[in-house]
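Q: Model the structure of this input:
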Amino acid sequence: VKQIMVVDDSVTVRKVTTRFLTREGFEVITAKDGVDALRLLQEGVPDLMLLDIEMPRMDGFEVAKTVRSTQRWKTSRLS
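A: I've put the predicted structure just below:
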């Protein structure tokens, strides 16, 4: 089963996206912003991340930049 991380500050978007992806057979983990996403990445790397662009604390661009520049994640499926 493929795992997808949904990163969005909107509770509604996270819930709707999670329901849709779960129905399609994916395992879904959610993060409320970029900082939360990076914390979750310490526990494991999903197959795919869906990132919101505008979020408090750390936006989607910053998350992508951090993932691409961090050696641990640079060689993962996400890069």
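
Q: From here on, just use CA atoms for contacts and neighbour counts.
A: Will do.

Q: any idea how far the residue sitting furthest away from the middle of the chain is from I4?
A: Using Cα atoms, centre = their mean, the residue of the chain lying farthest from its centre is R23. It sits 18.3 Å away. The gap separating R23 from I4 is 13 Å, by Cα to Cα, to the nearest Å.

Q: shared neighbours of these two, anything?
A: Shared contacts of R23 and I4 (Cα atoms under 8 Å, 6 or more residues apart in numbering): none.

Q: For the lengthiest helix in the chain, output the C-alpha coordinates as PDB.
A: When the chain is scanned for its longest helix (criterion: DSSP state H), the result is helix 11-23. The C-alpha trace of helix 11-23 is given here as PDB (Å, rounded to 0.1, in the frame of the first residue of the first chain):
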ATOM      1  CA  VAL A  11      -8.800  20.900   8.400                       C
ATOM      2  CA  THR A  12     -11.500  20.600   5.800                       C
ATOM      3  CA  VAL A  13      -9.000  20.000   3.000                       C
ATOM      4  CA  ARG A  14      -7.100  17.400   5.000                       C
ATOM      5  CA  LYS A  15     -10.300  15.500   5.800                       C
ATOM      6  CA  VAL A  16     -11.700  15.600   2.300                       C
ATOM      7  CA  THR A  17      -8.400  14.600   0.700                       C
ATOM      8  CA  THR A  18      -7.800  11.900   3.300                       C
ATOM      9  CA  ARG A  19     -11.200  10.400   2.700                       C
ATOM     10  CA  PHE A  20     -10.800  10.400  -1.100                       C
ATOM     11  CA  LEU A  21      -7.300   8.900  -1.000                       C
ATOM     12  CA  THR A  22      -8.300   6.200   1.600                       C
ATOM     13  CA  ARG A  23     -11.200   5.200  -0.700                       C
END
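
Q: Name the residues that touch the helix or strand where D36 lies?
A: Per DSSP states H and E: D36 is located in helix 34-41. Outside helix 34-41, the residues that touch it by Cα under 8 Å, 6+ apart are M5, V7, T30, A31, M55, P56, R57, M58, D59, G60, E62, V63.

Q: K15: which of these is nearest?
A: The nearest member of the contacts of helix 34-41 to K15, counting by Cα to Cα, is T30 at 8.9 Å.
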